[in-house]
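**Student:** Below are the sequence and a predicted model for it; my questions follow.
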Amino acid sequence: MNTFSIMWKNFKSSRRSLYSLYIFMFLFIVSLFSEMISNDKPIIMNIDDRVYYPYIIDYTEIDFGGELETTPDYKGYFITNLLESGDNWAIFPINPHSYNSINYNNMNPNPAPPSSDNLLGTDDRGRDVLARLIYGFRLSVVFALALTAIGIVIGLFFGAIQGYFAGRIDLYLQRFIEIWGSMPELYILIIFASIFEPSILLLIFLLSLFGWISLSDYVRAEFLKGRNMDYVNAARTLGLTDYQIIIKHILPNSLISVVTFLPFRISGAILILTSLDFLGLGVPSTTPSLGELLSQGKENISAWWLSLTTFVVLVGTLMLLIFIGEGIRESISGKSS
Amino acid sequence: MTMLEFINYSVLLNNSNAPLIKDLSFKLEEAQSLGIVGESGSGKSLTALSALGLLNRRIFSTRGQVLLNRRNIFELTDTELNNIRGNEISMIFQEPMLSLNPVKDLQSQIYECVELSNKNLDHNDIKNSLNAVGLTNTNKILSSYPHMISGGQRQRFMIAMSILRKPNIMIADEPTTALDVTLQKQILDTLNNLKNDLNMSMLLISHDIELIKRYCDQILVMKDGVLIENKPTSKIFSHPDHAYTKQLVNFKTSKFREDYITKENKVLETKNLSCKYLVKDSFFRKKKEYFNALEDININIYEGESVGIVGESGSGKTTLAMSIMHLLSYDGEIRICDKITQEKLLGDRQLRRNFQIIFQDPFSSLSPRMTIKQILSEGIVSLLKITEHKKIHQMCINILNEVGLEENMLYRYPQEFSGGQRQRIAIARALVLQPKLLILDEPTSALDVLVQDSIVKLLLNLQSKFNLSYCFISHDLNLIKKMCHRTYVMKDSVIIEQGTTREIFKNPQEGYTRNLLESSFINY
């Protein structure tokens, strides 16, 4: 049996990790369809025997017989009136708020406590907390996956080159990495945040510049070990090129350490994004983010629904990831029957 | 008086029913030396650990009794056990580097023994016990760390530590397996003398029956956790009962190899081959220090011939193999099949098909992420340039049959095979390219005795079938004797003696060679 199938078998034997993986995958896949779950636009609308799909198509008010050339406020006076007349009807998503839509109908001052309209209340600008949590979770996980993937590609590249060729190449690259790694990451982020318009792509770019270093060290060590294994020597005597040896022989055997790190790197990346947003160095406030919700919770201590719900989502996500990571780690060290 | 007695002793893994040791019963008398022989997995080491009550109870469960001075050790408390360990019974492990703590100096490690002792010991006792094992420069040794002294010194130090408290029983679990042959004899002689001087009982565990025979009065043979023979040494060799014992006893009685070789086509020729390693490199100064791993090596091998290269570890044997395989840079000239040189090889990688290598450790020489078929077909694709799937498949099947393996093993991974099977796979990987020259770097030393025998037979068979030339690199003189027509003896990077195997074994010219032969316990 192949090592990865052995790993999977061992992983499955740890119930906690397996269920964590299922729950996490479920939440992530569901969150990918956030627009269908939480949106202020109806999924489907029937007005005067014509069917509209506001969720997919961008209509203007003129399309509904209004005057403005802008997207209508589907929960505003104009549309509500239309819906109440005749046979008109609309199906809204389960949570009829988007992460950016402001609930003007709320009686309470913002931040408003949970109500039947806003299940988890609103933030200090009147935006629905549940919607922001759903979108924020998705953004965090996608951000973390992207950051991890980029980090792994760069880390594998540098680590493989250093470890395989060793000697002088390794020496120079290692010095370069030391200098590179000693650059103050946070200052660079602050400086860039003030020069450029902060965005999620900029953050991924900046964090990728440094995120690969810790991984490349591990890959380098694995390759340094691997290059002296007899099967690598055997491959050389079989006439394989350096590239073939790296790809076919050493890389598959070094991937284990990378795989072990995956969930922990993902949870680390989520934490980084959250803390940057909390400090106000991260994404702009129009973007849904867990960190921004937390900082609002700090500003409005009495609005418990802000900090508590974000806390639960954040801790839940990190815990699931850490349980998964633990399971993977166990499945490698465990017996390979 | 009986010192140690096992009565119907069984060991089981907690989560399975198959016993690792089954109904083991034997006695160790006062001042007796008892040897346990068996292959790996036969339960030798478990027996040794059991005598000290060192089995982890969360993993193993035991049945039956182990009596130490008539006390059942399974009924003793932990404190009582700790008092017994070291004071009454002590143990020497296989790998001295691993059994000494690398971050503590030797003095503090030996003083630990003094503190735990129930006798009053002082510095003089330490000195005496170090002198007894042949470590005379005591102050220097005591202030060293484990990595600063040699392997032989480390094992002597371990022995000194274990005899310091004058135990009645000494258990030595493969005490010399990790050491060079010449050291083996010294260490075991020391151990044996100490045993006689201090009137200890000794339990010596080894896979090597010849070694046991020299030092033990009584021999136990274990196989798959079962004691299959328990007899005085002389009787075991004259009247072995069990078929397995017979094989063991007969294993080392071998003849020289003297079939006729036409010395016509040279398959390998080296001229003034040298190889050096950079020891010290300075970034700022030009001065560099080198270690000469090979100096002016001239060897040649003819078609169909087997040549042995023997020497201790560190003599440069493996470096020689690596440079012949062109895996290292070297000075001088290596010619393979009279035409392949370094320059030609750089231009045409496919020439590598003419010479292949078998490594020592079959566990590390096969990539654990590839199936047997992938492993075998790699060379076919890259060196023979065959891409036709059916043809590759057929070649893989043919070569597997050739080395005594089955077709259905093609899609399995190396970790599903035993050591002997893996070595066969490694041989198949080399032979599928139909090389002229096969270099074997300690091909059998990681394998059990009887598996060694089957690999040797396979190699002899293949040689006559394909007219191969072998270059054996080994410290196992018995293997060399069985396999090789001619032998080169290496010491400190140079070849000090060469000739036919018979000449070298019967009439060694150099003192070093003589010493090597004596230490190998081979009878002529």
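**Tutor:** Happy to help now that I have it.

**Student:** Flag the shaky bits of the stretch 151-300 of chain B, pLDDT-wise.
**Tutor:** B:252-253, B:280-286 (pLDDT under 70).

**Student:** all strands in it, in order from the N-terminus.
**Tutor:** B:169-173, B:201-206, B:218-223, B:226-232, B:266-281, B:288-297, B:300-302 (DSSP state E, counting those that start in this stretch).

**Student:** contacting residues around the fifth one?
**Tutor:** Pointing back at strand B:266-281 there. With contact meaning Cβ atoms under 8 Å, 6 or more residues apart in numbering or on different chains, strand B:266-281 is reached by B:288-303, B:305, B:316, B:319-320, B:323-324, B:328-338, B:355, B:436-437, B:469, B:471. For every residue, glycine as well, the C-beta is placed using N, CA and C.

**Student:** One more pass at 7 Å, please.
**Tutor:** Applying Cβ atoms under 7 Å, 6 or more residues apart in numbering or on different chains, the external contacts of strand B:266-281 come out as B:288-303, B:319, B:323-324, B:328, B:330-338, B:436-437, B:469, B:471.

**Student:** Show me how to select, in ChimeraX, the buried members of these.
**Tutor:** Buried residues within the contacts of strand B:266-281, by 16 or more other Cβ atoms under 10 Å in any protein chain shown, are selected in ChimeraX with:
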select /B:293,294,295,297,299,301,302,303,319,323,324,328,330,332,334,335,336,337,436,437,469,471
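
**Student:** pretty sure A:Leu325 is touching A:Ile266, no?
**Tutor:** If you look again at residue A:325, you'll see it is Gly, not Leu. No. Using Cβ atoms under 7 Å, A:Gly325 is not in contact with A:Ile266, being 8.5 Å away.

**Student:** Mind checking which of these two has more residues around it?
**Tutor:** A:Ile266 (25 against 21; other Cβ atoms under 10 Å in any protein chain shown).

**Student:** Just to be sure, the more buried one is in a strand?
**Tutor:** No. Applying DSSP: H, G, I helix; E, B strand; the rest coil, one finds A:Ile266 to be helix, outside a strand.

**Student:** I'd like the distance between it and chain B.
**Tutor:** Applying Cβ to the nearest Cβ, to the nearest Å, the value for A:Ile266 to chain B is 24 Å.

**Student:** Please verify my assumption that that residue contacts A:Thr148.
**Tutor:** Yes. Between A:Ile266 and A:Thr148 there is a contact under Cβ under 7 Å: 5.3 Å.

**Student:** tell me the contacts of the residue positioned nearest the centre of chain B?
**Tutor:** Nearest residue to the geometric centre of chain B (Cα atoms, centre = their mean): B:Ser445, 4.8 Å. Counting by Cβ under 7 Å, 6+ apart, B:Ser445 touches B:360, B:474, B:476.

**Student:** And what about B:Gln356, helix, strand or coil?
**Tutor:** Per three-state DSSP, B:Gln356 ends up strand.

**Student:** what's the closest non-adjacent residue to it?
**Tutor:** Spatial nearest neighbour of B:Gln356, excluding adjacent residues (Cβ to Cβ, 6 or more residues apart in numbering or on different chains): B:Ala430 at 3.6 Å.

**Student:** List of residues touching the helix or strand where the one you found lies?
**Tutor:** Using DSSP states H and E, the element containing B:Ala430 is helix B:419-431. Outside helix B:419-431, the residues that touch it by Cβ under 7 Å, 6+ apart are A:234, B:356-359, B:362-363, B:365-366, B:372, B:375-376, B:379, B:399-400, B:402-405, B:414, B:417, B:438, B:443, B:446-447, B:451, B:454-455, B:458, B:462.

**Student:** Counting by contacts, list what whichever helix or strand comes after that helix packs against.
**Tutor:** Using DSSP H and E, the helix or strand that directly follows helix B:419-431 along the chain is strand B:437-441. Judged by 3 or more Cβ pairs under 7 Å, 6 or more residues apart in numbering or on different chains; DSSP states H and E, strand B:437-441 is in contact with helix B:317-324, strand B:355-358, strand B:469-474.

**Student:** tell me the most buried of the ones you listed?
**Tutor:** Highest mean neighbour count among those (mean count of other Cβ atoms under 10 Å in any protein chain shown): strand B:355-358, with a mean of 26.

**Student:** The next helix-or-strand element following that one and chain A, are they touching?
**Tutor:** Counting by DSSP H and E, the next helix or strand C-terminal to strand B:355-358 is helix B:372-383. Yes. With Cβ under 7 Å from any Cβ of the partner chain as the criterion, chain A is reached by helix B:372-383 at B:378-379, B:382-383.

**Student:** got the buried residues for the helix or strand following helix B:372-383?
**Tutor:** For helix B:372-383, the following helix or strand on the C-terminal side (DSSP H and E) is helix B:389-402. Neighbour counts using 16+ other Cβ under 10 Å place B:392, B:395-397, B:399-400, B:402 of helix B:389-402 among the buried residues.

**Student:** so which of these also contact chain A?
**Tutor:** Among these, not one lies near chain A by Cβ under 7 Å from any Cβ.

**Student:** Minimum pLDDT in these, which residue is that?
**Tutor:** The weakest per-residue confidence within the buried residues of helix B:389-402 falls on B:Glu402 (88).

**Student:** so how far is A:Asp230 from it?
**Tutor:** Using Cβ to Cβ, to the nearest Å, we find B:Glu402 at a distance of 22 Å from A:Asp230.

**Student:** Check B:Val66 too.
**Tutor:** Taking Cβ to Cβ, one finds B:Val66 at 40 Å from A:Asp230.

**Student:** How many neighbouring residues does A:Val51 have?
**Tutor:** For A:Val51, the count of nearby residues is 8 (other Cβ under 10 Å).

**Student:** so it sits in a strand?
**Tutor:** Yes. Checked against three-state DSSP, A:Val51 lies within a strand.

**Student:** Contact partners for it?
**Tutor:** A:Ile44.

**Student:** Mind telling me what element B:Thr513 is part of?
**Tutor:** helix B:511-519.

**Student:** these two touch, right, A:Leu21 and A:Ile324?
**Tutor:** Yes. Counting by Cβ under 7 Å, A:Ile324 is a contact partner of A:Leu21 at 5.1 Å.

**Student:** of those two, who's got more company?
**Tutor:** A count of neighbours by other Cβ under 10 Å puts A:Ile324 above the other of A:Leu21 and A:Ile324, at 27 against 20.

**Student:** Leaving out chain neighbours, which residue sits closest to the more buried one?
**Tutor:** That would be A:Pro263: by Cβ to Cβ, 6+ apart, it lies 4.6 Å from A:Ile324.

**Student:** and that neighbour, that's in a strand?
**Tutor:** No. Under three-state DSSP, A:Pro263 sits outside any strand and is assigned helix.
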